[in-house]
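Visitor: build the 3D model from these lines:
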Amino acid sequence: MPGLPRTNVYIDGFNFYYAAFRGRRPRAPRLKWLDIAEFSRLLLPGHDVRLVRYFTAAVKPVQWDPSQHLRQGAYLRALASFPEVSVHMGSFARWKVRRPLVDAPPEGPQTSLVWDTKEKGSDVNLATYLLLDAFEGSYETAIVISDDSDLLEPVRVVRERLGKRVGVVRVRTDRGSVFRSKVDLLIEARAWHFEQAQLPDEVRLPTGSFVSRPTSWR
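Guide: Take a look at the predicted model:
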């Protein structure tokens, strides 16, 4: 698009997911089948969106949600079928840890053994590609979809040292943003952005097969 700034979008997948679908006002499950390329274009009508990088990690089945990995797998295959979308995978670490109980009985146990799960790599990978793409001149403007304060320093470097414009999309609009005075653009995602950026119920893959919207997301 002549005259519009070349723009890349960087999405912290889990940060985005929890902000959009697990926050104080979670959106409907059917909106999870989101076309992130179209979502980015709707958010940025004055930009030439060239590339959307999506950073996440493969979830595993758990007792309380044994099919979560199947839903995620279907979604990631759908996303990866679009040439302007690049999916980058981190990893999960899970271990048992003993934590104190909030309302521990005076005469009973004071702690409980729980699973502690940590997603590893997405924020570092996002920062790495944000900087690498800036060095290589891939974009004039970068848009970050995350409210992770760990990204403040790479955003600062891209703006102050590499001379690129950086914007941040706010998904949770019920609280302030750590990026408010640190970026060139602060964009708020609205309900209509999600509504109008849905993938078709069946997405054709490059192999010729199809992947379908999960039943619980209909």
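Visitor: point out where the chain drops to low pLDDT.
Guide: Residue ranges of the chain with pLDDT under 70: 1, 92-93, 95, 117-118, 176.
Visitor: repeat that with 90
Guide: For the chain, the stretches with pLDDT under 90 are 1-3, 22-26, 59-66, 90-122, 147, 172-178, 180-181.
Visitor: so which residues of it form strands?
Guide: Secondary structure of the chain (DSSP state E): strands at 6-12, 48-56, 85-89, 91-100, 111-120, 141-145, 165-170, 185-188, 202-204, 210-212.
Visitor: out of the ones you listed, flag the one nearest V178.
Guide: With C-beta to C-beta as the criterion, V178 lies closest to strand 165-170 of the strands of the chain, at 9.0 Å. Glycine gets a C-beta too; all of them are placed from N, C-alpha and C.
Visitor: output that closest one as PDB, nothing but the C-alphas.
Guide: Only the C-alpha atoms of strand 165-170 are listed here, as PDB (Å, rounded to 0.1, in the frame of the first residue of the first chain):
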ATOM      1  CA  ARG A 165       8.000   3.900  15.700                       C
ATOM      2  CA  VAL A 166       6.400   1.500  18.200                       C
ATOM      3  CA  GLY A 167       2.800   1.200  19.200                       C
ATOM      4  CA  VAL A 168       1.100  -1.000  21.800                       C
ATOM      5  CA  VAL A 169      -2.400  -2.500  21.600                       C
ATOM      6  CA  ARG A 170      -4.400  -2.500  24.900                       C
END
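Visitor: which strands border it, and is each parallel or antiparallel?
Guide: Here strand 165-170 is paired, per DSSP bridges, with strand 141-145 (parallel), strand 185-188 (parallel).
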